[in-house]
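Trainee: quick check, what structure comes out for this input:
(2 chains)
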Amino acid sequence: MTGAALLEATDLTKRYDGRAVVDALSFECRAGTVLGLLGPNGAGKTTTLRMLYGFVEPDAGRIVYGGRDFATERLAIKRELGVCTQDDSLDYDFSVEQNLRVYASYFRPRVDALDSRIAYLLDAFALRRYADASPRALSGGFIRRLLIARSIVHRPRMLYLDEPTTGLDPRARVDLWELIDQMRADGMAIVLTTHYMDEAEKLSDELLVLDEGRAVARGAPGALMGRLIGEHVLVVGRHEAARDAIGAWARQTQGVEPSVVLGELHVPVTAAQLAEVSARFPEARLTVRPPNLDDLFIRLSLRHRAP
Amino acid sequence: MTSARALLAVFDWRSVAVFRRNALVFLRNWRTGFIPPALEPVFYFLAFGLGLATYVGGIQYDGGSIRYVTYIAPGMIAYTAFITAFYEALYAAYVRMFYQNTWDGLLATQIELPHVVWGEVLWSACRGAVYAAIVGVVIAGFDIGGFVDLHLGWLPLIVALAFLSGLAFAAAGLIFTALVPAIDHMNYPVFLIGVPLSLASNTYFPVPERLSVVRWLMNVNPVYHLAETARAMLVLGRPGPHLGLLLCTGAVWLVLCSLIAIRLTRRRVLGT
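Mentor: Below you'll find the model as predicted:
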């Protein structure tokens, strides 16, 4: 982590029709770091983001940027925020370059050295050859590049990315990860929502896992998995004869509820437990893999929804 | 946000930024923007002025009789200012809000919802005034050709009034933009609000005195006062008594409709 918190959110709450969509959520984000917001659909990720950048008013709680209260210094603070929403809000009546130029006109104080800033973004996001073209000429990956470039045209200190790689092919996703990583290296504070566990794991310095508007886990990705999942994950094939017996062993003697994926059992285990299961079921064909955020996510969901 | 702050947002640079964005889009497509309003009055002049006028004869106005083509020329300017501003705020703003996500992009910056509403109102009124000016230029051509006899020196003031009243027309349009669930439902405001207001306005024909209820309702219709003000200026060469009524009704419409539009769009767009 680097420096003091740029964003501090305390007890953020938002209700719709009496139901808490975001419920007393507190977290912070520092300059030069990425905070990943994870959660299933309806977990409250987008609503949280919308409160942070002022699209939605919180019903309760406090948002502070660099020691300044968002509620009272909104205009000045919004000058320092960059927002890339899920939906494509590009201006298709303008060229790629004009999209950047017109968007910059929505900020005061005006963007210094705008021409050179636009030239830098066109190069950094590999958009130079499309500068005079309509965004209609761009692929999905390049549309997303333009959306992100546009969101930082005014040199914000804090960037919100709402599911930035949804719908992109693997190559385009990796390219965007590189750009996001570079922005972090440049000292920007980034809050990112995503459904992709690998994306959250690779990009985030800290994870905040949401479910039904509440934080159900937080911490660095590796530490979170180690703490909540364990050292290894044992995979038992759907046709393995000892499958049910291993499942029962995990529940009864280890107190672990295996997750089931397409009939396969996924059982988080320690090294000692792995040795034990090998000794108990010597005939079984087992696979062992490192834990990932999918395991964490499924585990948290199971635990949180348990009666 | 208080009502006063919501109203004062019209003077904020952010409202102007939204206006400027819409104007830039319009100027990129200026050919399709300028040709229809230039051709439409020509067609109407041919159809009504030279065609229908042969059956209508003279129309009683200010104690005298004027040619039908002279009667409808100022009405055409008022009608254009109204329809253009109202429809721009209805259809074009709806497309920007719902289909193009333009408003979402704007609201992700320092711009807030009242500025978006005011930017749309300013732009719709401006477009209405531009189209009214184009109609005025075409009418001036007919005046030079001897088809009508008008005091053309009043045209700039009429265009300015078209802009001011266009603010009210656009604010009214945005109320329905915030209300209609889908663009197909725009037929309701068009036929229940737009058509009655433009018909009950003395634009293309004088509403008979015997329709007393309609005549009474016309007093709160700025389209009517704009048409009569333009007619007095162009035909008689003086502002006439409707100028004050235009400014009063237009101001009341603008304040009420803009506040309602801001409240309704806030509910629709922000869910609050």
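
Trainee: run a quick neighbour tally on the residue of the stretch 201-307 of chain A found nearest chain B.
Mentor: Closest approach between the stretch 201-307 of chain A and chain B, counting by CB to the nearest CB: residue A:213, at 15.5 Å. The way it works is simple: take the backbone N, C-alpha and C, and place the C-beta from them, glycine included. Here the number of neighbours of residue A:213 (other CB atoms under 10 Å in any protein chain shown) works out to 23.

Trainee: so it sits against residue A:46, correct?
Mentor: No: checked against CB atoms under 8 Å, the pair residue A:213 and residue A:46 is beyond contact range at 11.6 Å.

Trainee: what sits against residue A:26?
Mentor: Residues near residue A:26 by CB atoms under 8 Å, 6 or more residues apart in numbering or on different chains: A:9, A:10, A:11, A:12, A:61, A:215.

Trainee: quick one: residue B:159 and residue B:129 touch, right?
Mentor: Yes: using CB under 8 Å, residue B:159 makes contact with residue B:129 at a distance of 5.4 Å.

Trainee: okay, these two: which has more neighbours?
Mentor: The neighbour comparison of residue B:159 against residue B:129 (other CB under 10 Å) goes to residue B:129, with 24 against 21.

Trainee: just the element for that one, please.
Mentor: helix B:113-144 (DSSP states H and E).

Trainee: what's the spacing between that helix and its chain's center?
Mentor: 7 Å (CA atoms, centre = their mean, to the nearest Å).

Trainee: packing partners of it?
Mentor: helix B:13-28, helix B:30-44, helix B:68-87, helix B:102-107, helix B:155-179, helix B:242-265 (3 or more CB pairs under 8 Å, 6 or more residues apart in numbering or on different chains; DSSP states H and E).

Trainee: which of these sits closest to chain A?
Mentor: helix B:102-107 (3.3 Å).

Trainee: relative to chain A, how far out is residue B:124?
Mentor: Plainly put, residue B:124 is 17 Å away from chain A if you go by CB to the nearest CB, to the nearest Å.

Trainee: who's in contact with the closest residue to that residue other than its chain neighbours?
Mentor: Leaving aside its sequence neighbours, residue B:124 sits nearest to residue B:170 (CB to CB, 6 or more residues apart in numbering or on different chains; 3.4 Å). Contact analysis of residue B:170 by CB under 8 Å, 6+ apart lists B:85, B:86, B:88, B:89, B:120, B:121, B:123, B:124, B:125, B:128.

Trainee: any chance of those in JSON lines, plus pLDDT and neighbour count?
Mentor: Below are the contacts of residue B:170 laid out as JSON lines (pLDDT from 0 to 100; neighbours: other CB atoms under 10 Å in any protein chain shown):
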{"residue": "B:85", "pLDDT": "97", "neighbour count": "31"}
{"residue": "B:86", "pLDDT": "97", "neighbour count": "28"}
{"residue": "B:88", "pLDDT": "95", "neighbour count": "26"}
{"residue": "B:89", "pLDDT": "97", "neighbour count": "31"}
{"residue": "B:120", "pLDDT": "98", "neighbour count": "28"}
{"residue": "B:121", "pLDDT": "98", "neighbour count": "32"}
{"residue": "B:123", "pLDDT": "98", "neighbour count": "27"}
{"residue": "B:124", "pLDDT": "98", "neighbour count": "28"}
{"residue": "B:125", "pLDDT": "98", "neighbour count": "27"}
{"residue": "B:128", "pLDDT": "96", "neighbour count": "29"}
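
Trainee: break down the stretch 1-150 of chain A into its helices, ranges please.
Mentor: A:45-52, A:74-78, A:96-104, A:114-124, A:140-151 (DSSP state H, counting those that start in this stretch).

Trainee: what number of residues lie near the nearest residue to residue A:185 once chain neighbours are set aside?
Mentor: Nearest non-adjacent residue to residue A:185, counting by CB to CB, 6+ apart: residue A:32, 7.4 Å away. Other residues near residue A:32 number 17, with proximity taken as other CB under 10 Å.

Trainee: pLDDT score for residue A:32?
Mentor: Confidence at residue A:32, expressed as pLDDT, is 96.

Trainee: any idea how far it is from chain B?
Mentor: 23 Å.

Trainee: again with residue A:84
Mentor: Using CB to the nearest CB, we find residue A:84 at a distance of 8 Å from chain B.

Trainee: check contacts around the closest residue to that residue other than its chain neighbours.
Mentor: In space, and not counting its chain neighbours, residue A:84 is closest to residue A:151: 4.2 Å by CB to CB, 6+ apart. When the contact criterion is CB under 8 Å, 6+ apart, the partners of residue A:151 are A:82, A:83, A:84, A:159, B:108.

Trainee: now, the most widely separated pair of those residues?
Mentor: Farthest pair in those (CB to CB) is A:159 and B:108. Separation: 11.2 Å.

Trainee: joint contacts of these two?
Mentor: With CB under 8 Å, 6+ apart, residue A:159 and residue B:108 have common neighbours A:83, A:84, A:151.

Trainee: need the residues you listed in CSV (columns: pLDDT).
Mentor: Shown next, in CSV, are these (pLDDT from 0 to 100):
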residue, pLDDT
A:83, 97
A:84, 96
A:151, 97
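
Trainee: of these, closest to residue B:261?
Mentor: residue A:83 (24.5 Å).

Trainee: can you get me a residue count around whichever residue of chain A sits closest to chain B?
Mentor: Nearest residue of chain A to chain B, counting by CB to the nearest CB: residue A:89, 3.3 Å away. When neighbours are counted by other CB under 10 Å, residue A:89 registers 21.

Trainee: isn't it up against residue B:101?
Mentor: Yes: between residue A:89 and residue B:101 there is a contact under CB under 8 Å: 3.9 Å.

Trainee: for the most centrally placed residue in chain B, give its distance to residue A:222.
Mentor: Nearest to the mean C-alpha position of chain B, counting by CA atoms, centre = their mean, stands residue B:82 at 2.2 Å. Using CB to CB, to the nearest Å, one gets 65 Å for the distance from residue B:82 to residue A:222.

Trainee: what sits up against stretch A:10-18?
Mentor: In contact with stretch A:10-18 (CB under 8 Å, 6+ apart) are residues A:20-26, A:44, A:47-48, A:51, A:56, A:58-64, A:213, B:271.

Trainee: and residue A:172, how many neighbours?
Mentor: 18.

Trainee: check residue B:94 too.
Mentor: Counted with other CB under 10 Å, residue B:94 comes out at 21.

Trainee: again, but for residue B:2
Mentor: 7.
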